[in-house]
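Engineer: coords please:
(one chain, ligands or ions: 1)
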Amino acid sequence: MSELNDHDQAGFGLIPASPPGFRSGFVGIIGRPNVGKSTLMNYLVGQKIAITSPVAQTTRNRLRGILTTPTAQLIFVDTPGIHKPHHQLGKVLVKNAQVAIQSVDVLLFVVDGSVEAGGGDRFIANLLTHCQIPIILGINKADQQPGQDEVEAPESEGTGDADADKQQSDVESKASNTKNADKAGLTPHPTAIRKQDTPLSPHLFDRSYQELAASQQWNIAKFSALTGEGLEALQQQLIQHLQPGPYYYPPDLVTDQPERFIMGELIREQVLLLTREEVPHSTAIGIDRVEEEPTITRILATIYIERSSQKGILIGKGGEMLKAIGSASRQQIQKLVAGKVYLELFVKVQPKWRQSSARLAELGYRVEP
Ligand SMILES: Nc1nc2c(ncn2[C@@H]2O[C@H](COP(=O)(O)OP(=O)(O)OP(=O)(O)O)[C@@H](O)[C@H]2O)c(=O)[nH]1
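Structural biologist: Residues are numbered from 1 along each chain as shown. Model prediction:
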């Protein structure tokens, strides 16, 4: 699949030749908002590159996460959750997701296994009806299915030694999962604690997804992007759908995104997590300056909002909210740059930025051709 552009190929000289039998390709991750697409990609690549939050439509840009194993390279293309567009930004999100569908080797359609299949899932299933590429229906949040505790074998059974074995296995699994991040000298994502990759029990809700998959003859995978259960099997399933191919990216790279973009996203994540509901969707972050000094990275960034009434919420009483956003963002960015960070945040009102395609592009939201 020809997914590389001139920019990607600029680093081609650094990419080693792939060993015999090596497989590679692009995996599109698609699904309703909030089903856990970004959490899944972060876990698979072993590094927090996509922001996640309980607020739907957190992901705005197409984002690539790269997982390189000894036998394969998978390039995950995270897409914004598909929903009915309400304004210009919504249209950009849906359009980008549709483009992603057309340019990957295999599609992973992620659904939320803690609830039954709904209208949103069927809307996406319909979009995929005439899709020519292989599709896997990924049932996520297996850890959160109601009654899961009763279905699974109790973990406390067995001897102390068995528990010790499990802990050892957890440690080993975690180590293998974070290998990519370690190679890149980056701190692994905090949720990168993998449980034993035991087969997951079927659940009542799974039937609604089985019906959805059967009608389109899709394969199913069940997992938890939060605990890592089932992800080893998912990885293998995805690799089986890839063709023999080269390294598209250097083996130690975990994302194609520039560091500045991820810095902005880490700040936006804290705005989503810490402010009231009316602010998040009208927020964009501009990274104005990054100065790397020997012992510290100094960053100046601006939070753009649409209405002046939102400014008060973002700044908070006596500047407390902005301080909290700054402090939490700084801690996240420190993990990204693996060093000390000084972060200065400004808030600016930029009316109707979501309606303007030009302004969206300026703020880094790519409108795919
Ligand atoms: N219990 C549980 N929660 C999960 C799991 N995966 C994701 N979540 C939670 O679900 C919420 C949404 O996760 P995201 O990864 O942001 O979802 P998304 O599909 O990327 O969302 P959009 O960007 O809106 O499309 C977050 O609060 C996650 O912590 C899982 O396997 N189990």
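
Engineer: any low-confidence regions in the stretch 151-300 of the chain?
Structural biologist: Residues of the stretch 151-300 of the chain meeting the criterion pLDDT under 70: 151-204, 276-281.

Engineer: got the residues of it near the ligand?
Structural biologist: Ser224, Ala225, Leu226 (Cβ under 6 Å from any ligand atom). Just so you know, the C-beta spots here come from the backbone N, C-alpha and C atoms, and that holds for glycine as well.

Engineer: so which helix or strand takes in Glu232?
Structural biologist: Applying DSSP states H and E as the criterion places Glu232 in helix 231-240.

Engineer: who touches the helix or strand just after that helix?
Structural biologist: Scanning forward in sequence from helix 231-240 by DSSP H and E, the next helix or strand is strand 243-244. Strand 243-244 is contacted from outside by Gly21, Phe22, Arg23, Ser24, Gly25, Asp105, using Cβ atoms under 8 Å, 6 or more residues apart in numbering.

Engineer: looks like Glu344 contacts Ile303 (just checking).
Structural biologist: No: applying Cβ atoms under 8 Å, one finds Glu344 not in contact with Ile303, separated by 11.5 Å.

Engineer: who has more neighbours, those two?
Structural biologist: The neighbour count for Glu344 versus Ile303, taken as other Cβ atoms under 10 Å, is higher for Ile303 (28 against 13).

Engineer: and that one, that one's in a strand?
Structural biologist: Yes: assessed by DSSP: H, G, I helix; E, B strand; the rest coil, Ile303 belongs to a strand.

Engineer: so how far is Leu67 from it?
Structural biologist: According to Cβ to Cβ, to the nearest Å, Ile303 stands 32 Å off from Leu67.

Engineer: also Ala324?
Structural biologist: Computed with Cβ to Cβ, the distance linking Ala324 and Leu67 is 33 Å.

Engineer: again, but for Ser282
Structural biologist: Taking Cβ to Cβ, one finds Ser282 at 33 Å from Leu67.

Engineer: these two: which has the busier surroundings?
Structural biologist: Leu67 (22 against 17).

Engineer: what about the more buried one, helix or strand, and which?
Structural biologist: Going by DSSP H and E, Leu67 is part of strand 63-68.

Engineer: sorry, back to before: any chance of the residues of the stretch 151-300 of the chain next to the ligand in JSON lines, plus neighbour count and secondary structure?
Structural biologist: As requested, those are arranged in JSON lines below (neighbours: other Cβ atoms under 10 Å; DSSP: H, G, I helix; E, B strand; the rest coil):
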{"residue": "Ser224", "neighbour count": "25", "secondary structure": "coil"}
{"residue": "Ala225", "neighbour count": "27", "secondary structure": "coil"}
{"residue": "Leu226", "neighbour count": "19", "secondary structure": "coil"}
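
Engineer: where do the helices sit along the stretch 151-300 of the chain?
Structural biologist: Taking DSSP state H, counting those that start in this stretch as the criterion, the stretch 151-300 of the chain contains helices spanning 160-177, 179-183, 206-216, 231-240, 259-274.

Engineer: and Leu274, how many residues sit next to it?
Structural biologist: Residues lying near Leu274 (other Cβ under 10 Å) number 17.

Engineer: so it makes contact with Lys323?
Structural biologist: No: applying Cβ under 8 Å, one finds Leu274 not in contact with Lys323, separated by 10.5 Å.

Engineer: packing partners of whichever strand or helix holds Lys335?
Structural biologist: Here Lys335, judged by DSSP H and E, is contained in helix 320-337. Identification of packing neighbours for helix 320-337 by 3 or more Cβ pairs under 8 Å, 6 or more residues apart in numbering; DSSP states H and E yields helix 259-274, strand 296-305, helix 308-315, strand 340-349.

Engineer: show me the contact partners of that helix.
Structural biologist: With Cβ under 8 Å, 6+ apart, helix 320-337 has contacts from 48, 186-187, 259, 262-263, 266-267, 269-271, 273-275, 297, 299, 303, 313-316, 340-345, 347.

Engineer: give me the PyMOL select line for the residues you listed, limited to the buried ones.
Structural biologist: Applying 16 or more other Cβ atoms under 10 Å to the contacts of helix 320-337, the buried members can be selected in PyMOL as follows:
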select buried, resi 48+186+187+262+263+266+267+269+270+271+273+274+275+297+299+303+313+314+315+341+343+345+347
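
Engineer: can you tell me the closest non-neighbouring residue to Ile303?
Structural biologist: Val347 (5.0 Å; Cβ to Cβ, 6 or more residues apart in numbering).

Engineer: how about the contacts made by the one you found?
Structural biologist: Counting by Cβ under 8 Å, 6+ apart, Val347 touches Thr302, Ile303, Ile305, Lys311, Leu314, Ile315, Leu322.

Engineer: let's go with 10 Å and repeat that
Structural biologist: 271, 283, 302-305, 310-315, 321-322, 325 (Cβ atoms under 10 Å, 6 or more residues apart in numbering).
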